[in-house]
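Asker: Structure of the sequence below:
(one chain, ligands or ions: 1)
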Amino acid sequence: MKFFSDWLLLSIAALSLQPAADAASLSSYSKPWRPQFHFTPASGWMNDPNGLCFFQGSYHLFYQHSGEGLPNGGASWGHAVSKDLVHWEHCPPAITLDEKGAIWSGSAVVDRSDTSGFFGGKPGLVCIYTYMNPAEGDRQSQAIAYSADGKTFTKYQKNPVLPQLRYQPGQPDDESFRDPKVFWHAPTKRWVMVVAGGTVRIYSSPNLRDWTLESINKDINTECPDLFELPVEGVAKESRWVLSGGGRWYLLGSFDGHKFVPEGKKQPFNYGHDFYASQTWNDLSDDRRIMTTWLYNWDYNNWPTEPFSGGCMTLPYELKLRVVKDGLRIFSTPAKEVQVLRGELQSWVDKTITPGSNLLAGVCGKTLEIEAEFEVTPGAASFAFKVPRGGSNQTVIGYRFAEKKMFVTRSGRSDIKNFDRTDEEPLPPQNGCVKLHIFLDSSSVEVFGNDGAAVITDDILPDPLCDGIELFAEGGSVRLIALKAWPLQSIWHQP
Ligand code: FRU
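Answerer: The predicted structure follows:
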């Protein structure tokens with residue numbers, strides 16, 4: 001009890017010291033390993049994206065944020081806004097911890113017809129989050145805060161709106177009850193919440209304040225669940241509901257406003273190590289389904305990126321549901337908005353990559369986008385990019401023909417737990433070709449294979465002095481059909 005009240009006071013003090021980023025704190029965006037076109041807070045620890053939504057002409061990104069020196073785990077919701085989903089402006093913390101506990105992950109919705117009654121008949125923004133209260137044995141409950149202007153947020157006086165029901169009959173005996181994802185379900189004309197932490201539960205509400213339990217998927221467990229409908233590309237009137245397990249896996253199925261019924265097995269979203277707590281955006285102005293994910297994980301120690309820690313957010317990924325040989329699969333590609341960052345194009349067509357040569361010897365840069373297509377070449381073992389070449393901390397992104405796998409290998413940081421590793425994903429060639437679409441930032445890589453059939457997202461820690469790139473072949477020459485490379489602009493330092 002004593003510890004928690006001290007921690008709360010310390011946390012509140014530290015948060016009040018964190019203004020929106022000013023010019024001085026933005027200078028820290030020039031340091032090595034500071035992502036240049038991915039979102040990071042100016043300082044402090046960041047984890048899950050929260051409350052992703054489009055409201056009054058701006059994209060609102062909230063995120064789990066703790067001040068320096070505080071325990072990890074998201075004491076409050078940090079906040080940033082964007083006009084284009086790419087360039088971000090920091091805002092003051094939106095929802096800060098209080099005597100009811102820390103503000104853990106959740107979502108936000110635009111309450112267009114003021115079902116909540118908070119906005120005098122006008123539209124407003126309602127955030128739905130988890131209180132995690134160590135003073136009550138880590139009790140978790142769901143609460144709401146509202147905002148008419150997307151700038152100042154008021155916590156609802158009668159919070160929590162959904163207390164921890166663990167000990168009541170019919171409820172799962174599960175102490176984890178968190179990360180509510182809420183959306184408007186048009187067919188039943190009410191709000192739906194999928195909430196888990198442990199067991200997946202679905203609630204409904206007419207007004208975001210009063211919630212009714214609809215169903216429990218007692219065999220499905222996850223943090224940060226999401227539930228949304230995706231049309232099957234190219235098949236009129238066909239769609240599936242997707243239950244996302246924090247972006248680690250997805251289940252396809254049906255949802256009637258009451259219960260999610262899965263069909264088939266869990267499929268991975270991403271084979272990278274640094275892809276967690278995904279959330280899709282609510283209230284977009286078009287019918288795309290866009291997902292943003294925490295590009296990091298809970299597994300590291302000694303991560304050397306002060307004054308920020310906890311990695312960054314991924315680029316926005318657009319999700320599509322496609323028919324493939326084995327059924328239906330989700331494909332992820334970078335949202336088209338990201339193209340605004342491209343600098344001058346360099347391109348190559350119809351080249352042979354011979355072992356020992358480096359076609360990209362003249363290319364350098366710590367922030368690059370590369371689109372390349374290779375022919376499956378008999379006799380060759382693999383092709384790969386070294387980003388950067390040189391230095392002791394290598395990242396190699398490539399493809400092995402015999403295994404039909406794309407891979408990302410990181411090495412040279414055995415001082416960081418779980419860093420040195422290879423992530424790999426099956427990627428059958430398409431019409432005898434393999435395509436890789438790579439985004440390289442100063443401490444991350446995102447690799448999309450064959451138009452999003454496979455994705456690997458990883459943090460990297462390149463040697464700050466190296467910025468050259470190498471493209472090499474092993475075990476024989478490889479035919480390159482085409483390669484395009486663009487330097488990418490920083491979203492923090494405008495030219
Ligand atoms: C996932 C998570 C959530 C929780 C949050 C706390 O990374 O553990 O389940 O709400 O982080 O910061």
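
Asker: Next, count neighbours for the closest residue in space to Asp467 that isn't next to it in sequence.
Answerer: Leaving aside its sequence neighbours, Asp467 sits nearest to Cys364 (C-beta to C-beta, 6 or more residues apart in numbering; 4.6 Å). C-beta: built from backbone N, CA, C; applies to glycine. Neighbour count for Cys364, taken as other C-beta atoms under 10 Å: 14.

Asker: For whichever helix or strand His65 is part of, which strands pair with it and how are they oriented?
Answerer: If you go by DSSP states H and E, His65 is part of strand 58-66. Strand pairing for strand 58-66, determined by DSSP bridges: strand 44-55 (antiparallel), strand 76-82 (antiparallel).

Asker: Tell me where this protein has helices.
Answerer: 2-16, 23-26 (DSSP state H).

Asker: Least confident of the ones you listed, on average?
Answerer: For the helices of the chain, mean pLDDT drops lowest on helix 2-16, to a mean of 35.

Asker: quick one on the thing from earlier: would you mind listing the residues in contact with the residue nearest to Asp467?
Answerer: 388, 467-469 (C-beta atoms under 8 Å, 6 or more residues apart in numbering).

Asker: now the residues you listed in CSV, with pLDDT?
Answerer: Output for those, formatted as CSV (pLDDT from 0 to 100):
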residue, pLDDT
Pro388, 87
Asp467, 89
Gly468, 91
Ile469, 94
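
Asker: Drop anything exposed from the residues you listed.
Answerer: With neighbours counted using 16 or more other C-beta atoms under 10 Å, those contain these buried positions: 388, 467-469.

Asker: from those, which single one is nearest the ligand?
Answerer: Pro388 (30.0 Å; C-beta to the nearest ligand atom).

Asker: I'd assumed Pro464 was in contact with that closest one.
Answerer: No - contact criterion C-beta atoms under 8 Å: Pro388 and Pro464 do not qualify, at 9.6 Å.

Asker: count of residues packed around the residue of the stretch 201-350 of the chain at minimum distance from the ligand?
Answerer: Closest residue of the stretch 201-350 of the chain to the ligand, C-beta to the nearest ligand atom: Glu223 (3.6 Å). Using other C-beta under 10 Å, Glu223 has 19 neighbouring residues.

Asker: wait, what's in contact with it?
Answerer: 105, 176, 178-179, 196-197, 246, 277.

Asker: For the residue lying closest to it once chain neighbours are set aside, give me the pLDDT.
Answerer: Nearest residue to Glu223 in three dimensions, chain neighbours excluded: Gly246, at 4.9 Å (C-beta to C-beta, 6+ apart). For Gly246, the pLDDT comes out at 98.

Asker: And for Asn302?
Answerer: Reported pLDDT for Asn302: 89.

Asker: quick one, what contacts it?
Answerer: Neighbours of Asn302 in contact, by C-beta under 8 Å, 6+ apart: 415-417.

Asker: try it again with 7 Å
Answerer: 415-416 (C-beta atoms under 7 Å, 6 or more residues apart in numbering).

Asker: For it, give its distance to Ser309.
Answerer: Note on Asn302: its distance to Ser309, by C-beta to C-beta, to the nearest Å, is 11 Å.

Asker: what residues does the stretch 201-350 of the chain put near the ligand?
Answerer: 223-224, 277 (C-beta under 6 Å from any ligand atom).

Asker: Strands - which of these land there?
Answerer: Cross-referencing those against strands under DSSP state E gives Ala277.

Asker: Pipe the residues of the stretch 201-350 of the chain next to the ligand into CSV and attach pLDDT per row.
Answerer: Putting those into CSV (pLDDT from 0 to 100) gives the following:
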residue, pLDDT
Glu223, 98
Cys224, 98
Ala277, 98
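
Asker: Centre of the chain to stretch 100-115, how far?
Answerer: Mean-position distance between stretch 100-115 and its chain equals 19 Å (C-alpha atoms, centre = their mean, to the nearest Å).

Asker: Let me see the mean pLDDT of it.
Answerer: Mean predicted confidence for stretch 100-115 is 97.

Asker: which of the residues in it are buried?
Answerer: Buried, per 16+ other C-beta under 10 Å, within stretch 100-115: 100-111, 115.

Asker: Narrow the contacts of Glu223 to those in strands?
Answerer: Those of the contacts of Glu223 lying in strands (DSSP E): 105, 178-179, 196-197, 277.

Asker: returning to that earlier point: next, format the buried residues of stretch 100-115 as TSV and append distance to Pro169.
Answerer: Supplementary listing: the buried residues of stretch 100-115 in TSV, determined by distance: C-beta to C-beta, whole Å:
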residue	distance to Pro169
Lys100	25
Gly101	25
Ala102	29
Ile103	30
Trp104	26
Ser105	28
Gly106	27
Ser107	28
Ala108	32
Val109	30
Val110	36
Asp111	32
Thr115	30
